[in-house]
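Colleague: Below is the structure, and that's it, no one-letter string:
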């Protein structure tokens with residue numbers, strides 16, 4: 001989605017919650033990001049679960065948070081992601097252009 005909609009204003013980032021001290025985990029994260037072509041900003045969170053769980057109000061991944069152009073949360077997705085793209089396209093004003 002990022003490749004297709006970046007020119008319309010979509011900005012994507014990923015945050016990995018894997019242990020930054022575990023070289024094997026880091027390698028797996030890098031391989032996964034390369035495999036899926038995640039050519040956008042990727043972060044590796046180095047806070048303990050007690051911190052990010054409380055800040056993000058989640059028990060664990062996966063989580064997608066869609067923000068509007070105003071920087072406010074438009075919607076949080078914790079399960080199926082079928083609704084993500086239509087919402088993003090609506091927020092970008094590109095929904096009617098999708099084939």
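Modeller: Great, that's in hand. From a predicted model like this one, the values you see are computed outputs, not experimental measurements.

Colleague: from here on, contacts and neighbour counts on C-alpha atoms
Modeller: Fine.

Colleague: the longest helix in the chain is where?
Modeller: In terms of residue count, the longest helix belonging to the chain (DSSP state H) is helix 23-35.

Colleague: Residues in contact with it: which ones?
Modeller: 16, 18-20 (CA atoms under 8 Å, 6 or more residues apart in numbering).

Colleague: In that helix, which residues are buried?
Modeller: Buried positions in helix 23-35, judged by neighbour count with 16 or more other CA atoms under 10 Å: 26, 29.

Colleague: right, and the helix or strand after that helix?
Modeller: Remark: after helix 23-35, the chain's next helix or strand is strand 41-44, criterion DSSP states H and E.

Colleague: Can you name the next helix or strand after that following strand?
Modeller: Moving toward the C-terminus from strand 41-44, the next helix or strand (DSSP H and E) is helix 49-56.

Colleague: in this structure, which ranges drop under the pLDDT threshold?
Modeller: Scanning the chain for pLDDT under 70 picks out 95-99.

Colleague: which residue is nearest the centroid of this protein?
Modeller: Centroid-nearest residue in the chain: residue 14, 4.4 Å away (criterion: CA atoms, centre = their mean).

Colleague: is it true that that residue lies in a strand?
Modeller: Yes - Residue 14: assigned to a strand according to DSSP: H, G, I helix; E, B strand; the rest coil.

Colleague: Please tell me how far it sits from residue 94.
Modeller: 23 Å (CA to CA, to the nearest Å).
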